[in-house]
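S.K.: sequence unknown, structure follows:
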């Protein structure tokens with residue numbers, strides 16, 4: 001259970017990082033254009049940081065959740 005949850009958190013965190021950077025904040029277009037340096041979504045860096053936090057919190061979740069008792 002804890003391994004599944006930790007792996008799921010890592011996958012969601014990496015996906016959130018990729019989506020928030022490549023599709024929402026990456027500068028696409030001609031460098032001389034005024035919209036080149038402006039992200040499409042103003043809170044895209046916040047989503048990226050949330051993704052990084054999810055990846056690091058996966059280790060905390062893995063360590064703090066109890067393991068199943070062997071019978």
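M.R.: Sure, I can see it. This one's a predicted model, so the numbers in the text were calculated from it and none came from an experiment.

S.K.: alpha carbons only for contacts and neighbour counts from here, please
M.R.: Fine.

S.K.: tell me what the longest helix along the chain is packed against?
M.R.: Criterion DSSP state H: the longest helix present in the chain is helix 44-64. The elements that helix 44-64 packs onto, with contact taken as 3 or more CA pairs under 8 Å, 6 or more residues apart in numbering; DSSP states H and E, are helix 2-18.

S.K.: just to revisit the earlier point, what mean pLDDT does the longest helix of the chain have?
M.R.: Mean per-residue pLDDT for helix 44-64: 91.

S.K.: so that helix versus helix 2-18, what angle?
M.R.: Here helix 44-64 runs at an angle of 170 degrees relative to helix 2-18 (axes from the mean of the first three to the mean of the last three CA atoms, to 10 degrees).

S.K.: burial of the spatially closest residue to residue 3 that is not a sequence neighbour, as a residue count?
M.R.: Distance criterion CA to CA, 6 or more residues apart in numbering; nearest residue to residue 3, sequence neighbours excluded, is residue 62 at 6.3 Å. Neighbour count of residue 62, defined by other CA atoms under 10 Å: 17.
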